[in-house]
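Chemist: structure, please.
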Amino acid sequence: MTTPPPGAHAAAVIERGIGRRRLMQVSAALGASAGLLSACSSPSAPAAPSPSPTAGTGRVLQPGAGSIDGDHYLGSEPDSVLWGYVPTIHSTPSLQMASGETVTIDAVSHEGILEDQGRDPLAYFAEHGVAGEEVLEDAVAIAGEYDRTPRDFALDGPHVVTGPVFVEGAMPGDVLKIETLEATPRVPYGVVSSRHGKGSLAATADGGAPPGITAEQIMPPASTRATDDPDPRQWGNVSTFTRIEDGQGVMDFGAGSVRFPLRPFMGMMGVAFSEASDPTDPSANSIPPTLGGGNIDIRLLGEGSAFYLPVHTEGALFYVGDPHHAMGDGEVALTAMEGSLRGTFRLTVCKEGEGDAPAVAHRYPFAETADAWIPIGLSDPDGSVDEQVSDLDVAMRVAVVNALDFLEQDLGMDRPTAYAYLSAAADFTISQVVDRTVGVHGVIPKAHFG
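Modeler: Alright, predicted model coming up:
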C-alpha cells in the first residue's frame with residue numbers, strides 16, 4: 001500500500017460523546033465551525049479538493065499502474081463489471097473491506113466503447129488522433145470481451161459499473177458514508193455525447209417536438225436519425241471529442257476553440273437497492289438514480305466531498321461508474337465530459353445514535369462538501385418501478401423537504417424559520433434532466449452557521 005500523500009484528506013477529531021445530532025445543534029447555536037457533519041465513525045472530515053496530478057499532463061493511468069493510495073484496489077475487468085446495470089441486493093461482492101478503510105478504483109468510461117461508436121475504442125479514438133498506447137487496456141477488454149449480461153443498446157444503460165464492495169458491519173437501516181479522497185483522470189481526453197431521444201432537447205416518442213421548442217430546435221436534429229437501421233452507428237448520434245490541455249477541457253469549433261475547467265467526479269456512486277434476482281431487471285438499469293444513489297450526477301461530489309446513502313442490504317454493496325472529467329449543472333446534452341477516472345474512497349458505516357450521519361440520510365441520499373450541505377431531491381426515487389416520473393417540480397419539492405428536515409433535526413432550527421432561511425439564502429440547482437429520474441439539489445453554506 002502506498003502512503004497517502006499529504007493533503008489527500010483532512011484529519012479532524014470530533015468529540016462524539018454527546019452524539020452527532022446534539023453536537024450539530026450546539027455547534028450551530030454557538031456559531032462554531034459548521035464542518036461537523038462528517039463525524040460518523042470515520043476519523044476525518046471531507047477533504048479540501050486538491051489538483052489532480054494527471055490533468056493536463058498527457059499521462060495515462062493503465063489498470064493498476066502508478067500510485068495506488070487506497071488500502072484496497074479494485075479494477076474494472078470484463079468478468080467482474082456490469083455494463084448497463086447496477087448491482088442488486090443479490091449480487092456477489094468483488095471486494096470485502098472494513099468500515100473506515102479506503103479503496104482505490106480504476107473506473108472506465110462508457111464513451112468510446114458503445115455500440116453507436118463501433119464498440120472498438122482503439123479504432124474510435126484513433127479517429128481523433130489518440131495513439132494506441134493512450135487507450136485504456138481495460139476499456140479495450142470490456143468492449144471486446146464483456147459477456148456477463150447480453151447487450152441491447154436500445155434498452156440497456158450505457159454505464160460500466162465497478163463493484164460491488166462489501167463493507168463489513170453495514171446493515172439495513174445504517175448509512176454508508178462515502179468520502180471521495182481522489183478523482184484523477186486516467187486519460188488526457190474525454191467525450192460528450194448527444195443521442196436521439198435522450199437529451200434536454202430530445203424529440204418525443206413519436207418524433208415530434210416537446211413543449212416549449214419547435215421541431216427545428218430538437219437536438220440532435222431529427223432529420224439525422226435513421227430509425228429503421230439496426231446498426232446504432234447509423235442513428236445519427238453526435239459525440240464531441242474533448243482533449244485536456246493545461247488542466248482544462250478543450251473543444252474545437254470552426255476556426256476557434258473553447259476552454260473550461262475540469263472538475264472530476266464520479267457521476268455514479270451507489271449501494272444495492274433493487275431486490276430483483278435477475279441482474280438485467282429494469283429496476284437495476286444503470287440510468288435512473290434511486291434511494292440507493294447510483295447515477296446521481298451531482299457535480300459537487302468530487303474530491304473532498306462526502307455522500308451519505310441509506311443501506312438496504314448487508315454489506316451495503318457499494319459501486320461506482322459514469323466517471324466525469326467535467327459537467328455543467330443540468331447535464332443538458334445527455335452526458336457530461338465523460339472520461340475514465342481513478343477514484344479513492346473511504347467507506348464508513350454510520351449507525352444511528354453512534355456519531356451518526358444526518359437523520360435524513362437514513363431514508364434518502366444526502367451530501368456535503370467542505371463548504372456546504374447538499375440536500376437532494378429525485379423525481380422518482382424507486383427508479384423505473386411503477387413507470388417513470390420525470391417531473392422537476394417533484395424533485396424540487398423533495399429537495400426542499402429534505403433541507404427542512406436537516407435544518408430542523410440536525411441544526412435545531414424551527415421549521416418556519418428554516419423555510420424562510422432557505423428562501424432567503426440557500427440555492428436549489430438542477431442536478432440533471434437526462435436520467436429519466438430527474439434531480440434537484442440544494443446548497444446550504446456552512447459559513448451561515450459559523
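Chemist: could you give the number of residues near Asp393?
Modeler: 10 (other CB atoms under 10 Å). The C-beta positions use only the backbone N, C-alpha and C, and glycine is treated the same way.
Chemist: may I have the phi/psi pair for it?
Modeler: With angles defined as degrees, to the nearest 10, Asp393 sits at phi -60, psi -40.
Chemist: measure it to Ile430 for me?
Modeler: 12 Å (CB to CB, to the nearest Å).
Chemist: low-scoring stretches of the stretch 1-150 of the chain, by residue?
Modeler: Confidence mapping of the stretch 1-150 of the chain against pLDDT under 70 gives the ranges 1-58.
Chemist: can you give me the strands in it?
Modeler: 72-74, 82-83, 95-97, 102-107 (DSSP state E, counting those that start in this stretch).
Chemist: and those: which comes nearest Asp156?
Modeler: Asp156 lies closest to strand 82-83 among these, at 7.1 Å (CB to CB).
Chemist: counting by contacts, list what that closest one packs against.
Modeler: Packing partners of strand 82-83 (3 or more CB pairs under 8 Å, 6 or more residues apart in numbering; DSSP states H and E): strand 160-167.
Chemist: what about the strand it packs on, average pLDDT?
Modeler: What strand 160-167 shows for mean pLDDT is 98.
Chemist: and what of stretch 424-440?
Modeler: 96.
Chemist: can you tell me how far the closest residue to Thr88 other than its chain neighbours sits from Gly292?
Modeler: Once flanking residues are discounted, Thr88 sits nearest to Ser274: 4.3 Å by CB to CB, 6 or more residues apart in numbering. Applying CB to CB, the value for Ser274 to Gly292 is 8 Å.
Chemist: so what sits against both of the two?
Modeler: With contacts defined as CB atoms under 8 Å, 6 or more residues apart in numbering, the residues shared by Ser274 and Gly292 are Val86.
Chemist: and the residue nearest the centre of the chain, what does it touch?
Modeler: In the chain, the centroid-proximal residue (CA atoms, centre = their mean) is Gly267; its distance is 2.3 Å. By CB under 8 Å, 6+ apart, the contact set of Gly267 is 295-297, 321-324, 327, 336.
Chemist: how does it look with 6 Å?
Modeler: 297, 322, 324 (CB atoms under 6 Å, 6 or more residues apart in numbering).
Chemist: can you check Gly353 too?
Modeler: Under the criterion of CB under 6 Å, 6+ apart, Gly353 has no neighbours.
Chemist: check which helix or strand it maps to.
Modeler: Using DSSP states H and E, Gly353 falls within no helix or strand.
Chemist: pLDDT value on it, please?
Modeler: Taking Gly353 on its own, its pLDDT is 81.
Chemist: which residue sits closest to the residue nearest to the centre of the chain, ignoring its sequence neighbours?
Modeler: Spatial nearest neighbour of Gly267, chain neighbours left out: Asp322 (3.5 Å); criterion: CB to CB, 6+ apart.
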